[in-house]
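Asks: Provided below are the primary sequence and the corresponding predicted coordinates.
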Amino acid sequence: MLSNTQHSLEKLESLLKDLGYRVRYEKGNFKTGACVLQSNRVVVVNRFSNLEMKIGALVSILRDIPLDGGTLDEKQRQFLRSIKQTKLAI
């Protein structure tokens, strides 16, 4: 599905931004590599995680976000659906 590249990370960040979330990279010791502050619509990612962990954390968060594609174009909606339907293989 997604390769572990900087482009994939940027694509996920863009999708979150279009869903109304801000992505921040901060120092932290989160168990999953990221956390979501729902009331502020902020995703905080552990900046010390490697690229694979950052991508995995954002994919995991996107799976839990309700599918509200009102602000997304068709290509982004399909990308979000594919993320929600694909099981993460570790």
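Replies: Arrived safely. It should be emphasised that the depicted structure is a prediction, and the values quoted were computed from it without experimental measurement.
Asks: do a quick rundown of the helices in this structure.
Replies: According to DSSP state H, the chain carries its helices in the segments 6-18, 51-64, 74-85.
Asks: pick the most buried one from the ones you listed.
Replies: helix 51-64 (a mean of 18; mean count of other C-beta atoms under 10 Å). C-beta coordinates here come from the backbone N, C-alpha and C atoms, glycine included.
Asks: which strands and helices sit next to that one?
Replies: Counting contacts by 3 or more C-beta pairs under 8 Å, 6 or more residues apart in numbering; DSSP states H and E, helix 51-64 packs against helix 6-18, strand 34-37, strand 42-46, helix 74-85.
Asks: now for the first one, which elements pack on it?
Replies: Other elements packing on helix 6-18 under the criterion 3+ C-beta pairs under 8 Å, 6+ apart are strand 22-26, helix 51-64, helix 74-85.
Asks: before we move on, what about the third one?
Replies: Helices and strands touching strand 42-46, by 3+ C-beta pairs under 8 Å, 6+ apart, are strand 22-26, strand 34-37, helix 51-64.
Asks: what residues of the first one count as buried?
Replies: Going back to what we said before, that points to strand 22-26. Using 16 or more other C-beta atoms under 10 Å as the test for burial, strand 22-26 gives V23.
Asks: which residues touch that strand?
Replies: Contacting residues not belonging to strand 22-26 are listed as 13, 16-17, 40-47, 58 [C-beta atoms under 8 Å, 6 or more residues apart in numbering].
Asks: name the nearest of these relative to D73.
Replies: Among the contacts of strand 22-26, K17 lies closest to D73 (C-beta to C-beta), at 13.2 Å.
Asks: any idea how far the closest one is from L58?
Replies: 11 Å (C-beta to C-beta, to the nearest Å).
Asks: likewise K84?
Replies: Here K84 is placed at a distance of 13 Å from L58 (C-beta to C-beta).
Asks: can you check V45 too?
Replies: Separation of V45 from L58 (C-beta to C-beta): 7 Å.
Asks: what is in contact with those two at once?
Replies: Counting by C-beta under 8 Å, 6+ apart, the shared contacts of V45 and L58 are 23, 34.
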